[in-house]
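Peer 1: Predicted model follows, preceded by the sequence.
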Amino acid sequence: MRVLIVEDNRDAAESFGLLLRLAGHEVQVAHDGLQALRVFDEFAPQVAFIDLGLPGIDGFEVARRLRKNGDAGARLIALSGYGRDEDKARAREAGFDDHLTKPVEERVVNEILA
């Protein structure tokens, strides 16, 4: 699958990307919200894992803009250090399909990509 990782922590993004590449996925990485929007348009991922706490525009706004632009075909997964019900509801309202709390288990990622 084509997978976009949007994460401002470069080490975490590269580690996550390496894990997905080793599983056979094509991966692109963006480190902020505006870069994510540009890469999304060029790469057309099937799944995007998007950190909510990004510099510039946050992950919520990235999801809103993608959905507004008609990018509804991609599955958007929110990544956050917070997993309260209200955090998950806010992610759904922004346009995310799912919300994962960090650290994310490899098993859960594999289930999403299956």
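Peer 2: The structure has been received and is ready for your questions. Numbering: from 1, shown residues only.
Peer 1: Model confidence for residue 103, exactly?
Peer 2: We have a pLDDT of 90 for residue 103.
Peer 1: quick one: secondary structure of it?
Peer 2: At residue 103, secondary structure determined by DSSP: H, G, I helix; E, B strand; the rest coil is coil.
Peer 1: okay, now it: neighbour count?
Peer 2: 9 (other Cβ atoms under 10 Å). All C-beta spots, glycine's among them, are computed from the backbone N, C-alpha and C.
Peer 1: show me the contacts for it.
Peer 2: Taking Cβ atoms under 8 Å, 6 or more residues apart in numbering as the definition of contact, residue 103 has no neighbours.
Peer 1: distance of it from residue 94?
Peer 2: 22 Å (Cβ to Cβ, to the nearest Å).
Peer 1: okay, now residue 101: neighbour count?
Peer 2: 16.
Peer 1: So what pairs up with it in the strands?
Peer 2: Per DSSP bridges, the residues bridged to residue 101 are residue 80.
Peer 1: these two touch, right, it and residue 82?
Peer 2: Yes - counting by Cβ atoms under 8 Å, residue 101 touches residue 82, with 7.0 Å between them.
Peer 1: Can you pull the residues that touch both of those two?
Peer 2: By Cβ under 8 Å, 6+ apart, no residue touches both residue 101 and residue 82.
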